[in-house]
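Asker: Here is my input, please return the structure:
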Amino acid sequence: MFGRKPRKETNKIKVEGRVLVLTLVLLFIAVMIVGRLFYMQIINHNFYIQRAEKSQETSKNLASLRGSIYTREKDGLYPVVTNRDYYLLYAEPKNIKDAKNTASQITDILGLDSDESKEILAKLSKNNDPYEPLRHKVEKKLADQIKELKIDGVGFVPEPYRFYPDKGIGGQVFGYVSTAENEPIGLYGLEGYFNKELSGQSGIIKSFRDALGSLITIGSRTVKKAENGSNLILTLNREIQFTTCQKLEIYYKKFSAAGATAIIMTPTGEIIAMCNLPDYDPENYKEVKDINYFNNPAIFTAYEPGSVYKAFTMAAGLDSGAVTPQTTYNDTGEVKINGFTIRNSDLKGHGVMNMVDVLEHSLNTGAIFVEQKIGKDQFKKYMKSFGFGNSTGITLDKEMPGDISSLNQAGEIFGMTGSFGQGITATPIQLVTAFAAIANQGKLPKPYIVSEIDKANGEKEIFKPVTVRQVISSKTASILSGMLTSVVERGYGKKAGVSGYYFAGKTGTAQIATAGGYGNEYNHTFIGFGPVSNPKFVILVKLEKPKGVRFAEDTITPLFHDLAEFMLNYYQIPPDY
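Answerer: Numbers count the residues shown, from 1 in each chain. Okay, here's the model as predicted:
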């Protein structure tokens, strides 16, 4: 009993031990806190500064204004694609006093049907809802009528949309702007090809907010201004474009064609008009059910051109020295090779014919004769030089190159059929450009449809005619022009002629290929230029699957005549005789 420590002393030791443990724990925690602060403030300082700035920083995009597209007129420029402010009609349902009456008033002004009216009423009836979009793309005059009602809880926000003042004059040329994504995107045609230039560059404004989310008015603020998009000035002439599309539609409907295309260009490559049917309205592109309508057939649709191709075969024959206009051969009406028989379109033999006769009568056997004289390899070389098998490089979205790969295959028959435009394909823009080379003293031009890009900062990018290469000599071009003039004066192109003027041209009636060979449907094409002594324009017109008439001379040459006559009058070109 005398050997035990007193109770007070024992308790004191326990208390001191607990204090020591607690002190060590607190010291450990303090060291951890100091270490953490050292890590955050010293070692990883930049990381947490960035996180803090990010949590406090707020930003807003500043939209750029999309550039406009202009065509030319005699007295200046005309906007065929521009921007127009519409309005988004929205509601704050929690502030709507009478949803039913409000819905009725809005419906009457906007001219909505019963289903649309029910939809608006349903949105207005959400009593605690702070915001509901009711209608996009409301026109200003309708927005003003609704504003006059002074309805509490109803408001408008401006919404810029693409606006196309003229309808039916080239939707596939212009393309459209999709609003499906967060930012508008140009698709197809000019809108697609020049989307970056037309879009400009959006800006941004950055500022900071406090812990409660309120903007800090004092402090740093970063503003990057939006750069508006560039404007495009086209080579298209608005009056010629409108007239071309109008006349094309007459023949498209007259012959119940599946499609139609017309292109007018200068011999140096400037596109004056380009139209296709069927067309679509870019402003209402969402109504188009078949996406193929968005493609521009003038640059996208490659087809077997038929007898218009004989002009290029003859060009190769003359330029290579294989034939002259006076060279003759005996036309029996057919050529047989490897079990195949190739006949003239009229199924007749014409006896001794010269090269002018070949073009006037559009003789398949004559084209074969020239190709055989040239040789398949030399023939292919000339066709490639004319641009076939490659894109022209025109600044429109979705251009296709056509196909002359059959000329690479072994066997004479592929060169023979290619000589009169069968078994190879070309687009309308390739054909009219190649024909322009004949009108342009043998120089192949690069087609262009934009003459100028006007940037928001005042800079201008100007486009001028470009010669791709000399395809045939100027002498060959002159001789061939005379031979093609004979086609219009005495051959199948008579209906294309304009009294008092000399025009050169060639018809093409091409059977459309099917899985089993060739069927009973045709593409009709005519290409010509004039006046021959000093060519001012080249015209291609095409009808796809016209009904009721077999040959192009009866469908498409009168359309060429109408367009050529209009062009002569428009430019006040004096007659040749």
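
Asker: Any stretches of the stretch 201-350 of the chain with poor pLDDT?
Answerer: Scanning the stretch 201-350 of the chain for pLDDT under 70 picks out 205-223.

Asker: what about the stretch 51-200 of the chain, any weak spots by pLDDT?
Answerer: Along the stretch 51-200 of the chain, segments meeting pLDDT under 70 span 51-63, 181-182.

Asker: need the strands for it, in chain order.
Answerer: Under the criterion DSSP state E, counting those that start in this stretch, the stretch 51-200 of the chain contains strands at 57-62, 69-73, 76-91, 132-138, 154-163, 176-178, 185-187.

Asker: what's the closest of these to residue 169?
Answerer: strand 76-91 (7.2 Å; CB to CB). Yep, even glycine has a C-beta here, placed from its N, CA and C like the rest.

Asker: For the closest one, enumerate the helices and strands it packs against.
Answerer: strand 69-73, strand 132-138, helix 140-148, strand 154-163, strand 231-237 (3 or more CB pairs under 8 Å, 6 or more residues apart in numbering; DSSP states H and E).

Asker: Angles on the backbone of residue 558, please.
Answerer: Main-chain dihedrals, residue 558, degrees, to the nearest 10: phi -60, psi -30.

Asker: who's in contact with it?
Answerer: Residue 558 sits next to 251, 495, 496 when contact means CB atoms under 8 Å, 6 or more residues apart in numbering.

Asker: Return the distance of the one helix or strand the first one maps to from the chain's centre.
Answerer: Pointing back at residue 251 there. According to DSSP states H and E, residue 251 maps onto helix 238-254. With CA atoms, centre = their mean, to the nearest Å as the basis, helix 238-254 stands 20 Å off its chain's centre.

Asker: what does it contact?
Answerer: Residues contacting helix 238-254 (CB under 8 Å, 6+ apart): 71-74, 78, 80, 166, 168-170, 257, 259-262, 264, 272-275, 277, 279, 541, 543, 555-556, 558-559, 562-563, 566-567, 570.

Asker: tally of neighbours for the residue lying closest to residue 571 once chain neighbours are set aside?
Answerer: Leaving aside its sequence neighbours, residue 571 sits nearest to residue 536 (CB to CB, 6 or more residues apart in numbering; 6.3 Å). Counted with other CB atoms under 10 Å, residues neighbouring residue 536 total 15.

Asker: how close does the spatially most central residue of the chain get to residue 160?
Answerer: Central residue of the chain (CA atoms, centre = their mean): residue 189, 1.0 Å from the mean position. To residue 160, residue 189 is 20 Å away according to CB to CB, to the nearest Å.

Asker: Now, the contacts of helix 238-254 that are in helices?
Answerer: 558, 559, 562, 563, 566, 567, 570 (DSSP state H).

Asker: Now do the contacts for the fourth one.
Answerer: Under the criterion of CB under 8 Å, 6+ apart, the contact partners of residue 563 comprise 243, 244, 247, 262, 264, 539, 541.

Asker: what does the last one give?
Answerer: When contacts are counted by CB under 8 Å, 6+ apart, residue 570 is found next to 239, 240.

Asker: how about a cut-off of 10 Å?
Answerer: With contact set as CB atoms under 10 Å, 6 or more residues apart in numbering, residue 570 has these partners: 74, 237, 239, 240, 243, 272, 537.

Asker: Ok, the second one next?
Answerer: When contacts are counted by CB under 10 Å, 6+ apart, residue 559 is found next to 244, 247-248, 250-252, 254-255, 260, 262, 495-496, 524, 526, 539, 541-543.

Asker: Tell me the buried residues within these.
Answerer: Among the contacts of residue 559, those classed as buried by 16 or more other CB atoms under 10 Å are 244, 247-248, 251-252, 254-255, 260, 262, 495-496, 524, 526, 539, 541-543.

Asker: Let me know the closest of the contacts of residue 570 to residue 350.
Answerer: Distance to residue 350, by CB to CB, is smallest for residue 537 among these, at 32.9 Å.

Asker: circling back: would TSV of the contacts of residue 563 with distance to residue 92 be doable?
Answerer: Shown next, in TSV, are those (distance: CB to CB, whole Å):
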residue	distance to residue 92
243	51
244	51
247	53
262	53
264	55
539	59
541	57
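
Asker: hang on, the earlier thing: as TSV, the strands of the stretch 51-200 of the chain with mean neighbour count and distance to residue 416 would be great.
Answerer: Converted to TSV, the strands of the stretch 51-200 of the chain look like this (neighbours: other CB atoms under 10 Å; distance: least, CB to CB, whole Å):
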stretch	mean neighbour count	distance to residue 416
strand 57-62	12	62
strand 69-73	21	44
strand 76-91	18	45
strand 132-138	17	57
strand 154-163	16	50
strand 176-178	22	44
strand 185-187	20	42
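
Asker: Serialize those strands to JSON lines and add fields for distance to residue 323.
Answerer: Shown next, in JSON lines, are the strands of the stretch 51-200 of the chain (distance: least, CB to CB, whole Å):
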{"stretch": "strand 57-62", "distance to residue 323": "66"}
{"stretch": "strand 69-73", "distance to residue 323": "42"}
{"stretch": "strand 76-91", "distance to residue 323": "46"}
{"stretch": "strand 132-138", "distance to residue 323": "62"}
{"stretch": "strand 154-163", "distance to residue 323": "53"}
{"stretch": "strand 176-178", "distance to residue 323": "49"}
{"stretch": "strand 185-187", "distance to residue 323": "47"}
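
Asker: What are the structural domain limits within the chain?
Answerer: The chain breaks down into these domains under automatic domain parsing: 62-165+195-229, 236-570.

Asker: out of these, nearest to residue 22?
Answerer: For residue 22, the closest of the domains of the chain is domain 62-165+195-229, at 35.0 Å, according to CB to CB.

Asker: still on that earlier bit, ok, so what distance separates the residue nearest to the centre of the chain from residue 233?
Answerer: Distance from residue 189 to residue 233, counting by CB to CB: 16 Å.

Asker: one step back: relative to residue 397, which of the contacts of residue 563 is nearest.
Answerer: The closest of the contacts of residue 563, once distances to residue 397 are taken by CB to CB, is residue 262, at 19.8 Å.

Asker: In space, what's closest to residue 129 - neighbours in sequence excluded?
Answerer: Residue nearest to residue 129 in three dimensions, not counting chain neighbours: residue 93, with 4.3 Å by CB to CB, 6+ apart.

Asker: isn't residue 360 right up against residue 325?
Answerer: No: the pair residue 360 / residue 325 is not scored as a contact, 11.3 Å apart, by CB atoms under 10 Å.

Asker: Need the residues that contact stretch 119-130.
Answerer: Applying CB under 10 Å, 6+ apart, the external contacts of stretch 119-130 come out as 89-96, 98-104, 106-107, 110, 112-113, 131-135, 153-154.

Asker: mind listing what residue 535 touches?
Answerer: Counted by CB under 10 Å, 6+ apart, residue 535 has contacts 266-268, 436, 438-441, 481, 503-504, 528-529.

Asker: Which of those residues ranks first by neighbour count?
Answerer: Highest neighbour count within these: residue 528, with 33 neighbours (other CB under 10 Å).

Asker: State the three-state secondary structure for the residue nearest to that residue when sequence neighbours are not counted.
Answerer: In space, and not counting its chain neighbours, residue 528 is closest to residue 505: 2.6 Å by CB to CB, 6+ apart. Classification of residue 505 by DSSP: H, G, I helix; E, B strand; the rest coil places it in strand.
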